[in-house]
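Chemist: Here is my input, please return the structure:
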Amino acid sequence: MIRPYLNTDCDALLDIWLSASLQAHDFVPEAFWRDQLGAMREHYLPQAETLVLEQGGTPLAFASVHEGRLAALFVSPEQQGCGLGLQLLEAVMAERTRLELDVYQANGRATDFYRRAGFEVIAQGHDPHTGQAQLTMAWSRP
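Modeler: Have a look, this model is predicted:
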């Protein structure tokens, strides 16, 4: 089931975010992700429009949109490859006519996922926090 974020989801979503970030971004030092936990808890999750995908009352994945941008799409590492990320992305896309996101260029699995969903690269740059190359991708409803 996909539903809106509840304050009681915070700890579960932070666990998903951290474990998925460490797995997908092994090219960024682990300390960076751990240092971001407070900001995720206090700023990013509360300010974003977040959808949670849960099964049996347990959150397994989430997607957050902030100011028309997909700011986060994370699936519990144990559940990756089962289509949960696509379900969430389609739910987010269903409510919009355009969506942009930034993704690390080194995260080939994610860039391929977004391309398959219809996103195209519209810019390249570097993340000012990590120095890593990133792509800005966009999707528009046909």
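Chemist: contacts, neighbours, all on C-alpha from now
Modeler: Fine.
Chemist: what's the helix or strand hosting residue 11 in contact with?
Modeler: Secondary-structure assignment from DSSP states H and E places residue 11 in helix 10-24. Helix 10-24 has contacts (Cα atoms under 8 Å, 6 or more residues apart in numbering) with 30, 33-34, 37, 40-41, 45, 59-62, 74-77, 107.
Chemist: so how far is that helix off the chain centroid?
Modeler: Here helix 10-24 is found 10 Å from its chain centre; the criterion is Cα atoms, centre = their mean, to the nearest Å.
Chemist: ok, now stretch 83-103?
Modeler: Put simply, stretch 83-103 sits 10 Å off its chain's centre (Cα atoms, centre = their mean).
Chemist: Please apply the same query to stretch 19-30.
Modeler: Taking Cα atoms, centre = their mean, one finds stretch 19-30 lying 13 Å from the centre of the chain it belongs to.
Chemist: what comes up buried for it?
Modeler: 19, 20, 21, 22, 24 (16 or more other Cα atoms under 10 Å).
Chemist: Grab the two from those residues that are most spread out in space.
Modeler: By the measure Cα to Cα, 19 and 24 form the most distant pair in the buried residues of stretch 19-30, at 8.7 Å.
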